[in-house]
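J.: Got a predicted model here, sequence first, then my questions.
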Amino acid sequence: MVGLLVFFVGSLLGVIEFSFKQSDVYHVALAAAQENPKVIERIGQPIHAEYFVLGTIKTYGSDGDAIMTIPITGSRGAGKIHLLAKKRAGSWSFRQLAVETGAGAESINLLAPETESP
């Protein structure tokens with residue numbers, strides 16, 4: 001009986017994890033972190049998503065909402081992508097998209113436009 005319960009819970013978590021990782025909003029957020037020079041500088045390359053994505057994705061037709069925390073790792077360390085997004089007419093827009101890389105470190109805003117140095 002205990003084995004069956006463990007199997008059920010494990011299967012449920014696997015299905016949830018799979019659905020998060022198949023979503024458009026997940027892929028856009030991960031790509032933004034992988035391409036950001038500040039994130040690369042702090043945690044190194046290559047940047048990979050880890051397991052245990054937390055949050056919710058709710059869609060209703062072409063609209064929806066997403067709140068997620070995606071753990072990531074690189075060659076120098078680890079971090080978490082935090083996102084808050086809305087989907088309207090089939091297109092996701094982010095209200096928050098940032099990477100937290102550790103205690104005391106300032107979060108990296110992935111929505112801020114990059115400024116060029118002279």
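T.: Arrived safely. Numbering: from 1, shown residues only.

J.: what residue lies at the spatial centre of the chain?
T.: Nearest to the mean C-alpha position of the chain, counting by Cα atoms, centre = their mean, stands residue 70 at 3.5 Å.

J.: State the helix or strand in which that one lies.
T.: Secondary structure here is read from DSSP states H and E; on that basis residue 70 sits in strand 63-73.

J.: how about the helix or strand just after that strand as PDB, C-alpha atoms only?
T.: Beyond strand 63-73 on the C-terminal side, the first helix or strand identified by DSSP H and E is strand 78-88. Provided in PDB are the C-alpha atoms of strand 78-88 (Å, rounded to 0.1, in the frame of the first residue of the first chain):
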ATOM      1  CA  ALA A  78      23.100  28.200  -9.000                       C
ATOM      2  CA  GLY A  79      20.100  30.600  -9.000                       C
ATOM      3  CA  LYS A  80      16.400  30.800  -9.400                       C
ATOM      4  CA  ILE A  81      14.300  32.400 -12.200                       C
ATOM      5  CA  HIS A  82      11.300  34.100 -10.700                       C
ATOM      6  CA  LEU A  83       8.500  35.100 -13.100                       C
ATOM      7  CA  LEU A  84       5.000  36.500 -13.200                       C
ATOM      8  CA  ALA A  85       3.300  36.600 -16.600                       C
ATOM      9  CA  LYS A  86       0.000  37.100 -18.300                       C
ATOM     10  CA  LYS A  87      -1.100  35.600 -21.500                       C
ATOM     11  CA  ARG A  88      -3.500  37.600 -23.700                       C
END
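
J.: In this protein, mark out all the helices, start to finish.
T.: Counting by DSSP state H, residue ranges of the helices within the chain are 2-21, 24-35, 37-43.

J.: So which other helices or strands are in contact with the shortest one?
T.: Which is helix 37-43. Judged by 3 or more Cβ pairs under 8 Å, 6 or more residues apart in numbering; DSSP states H and E, helix 37-43 is in contact with strand 78-88, strand 108-109. (Glycine included, C-beta is placed from N, CA and C.)

J.: Need the residues that contact the last one.
T.: Okay, so that is strand 108-109. Residues outside strand 108-109 that contact it (Cβ atoms under 8 Å, 6 or more residues apart in numbering): 36, 38-39, 42, 97-99, 101.
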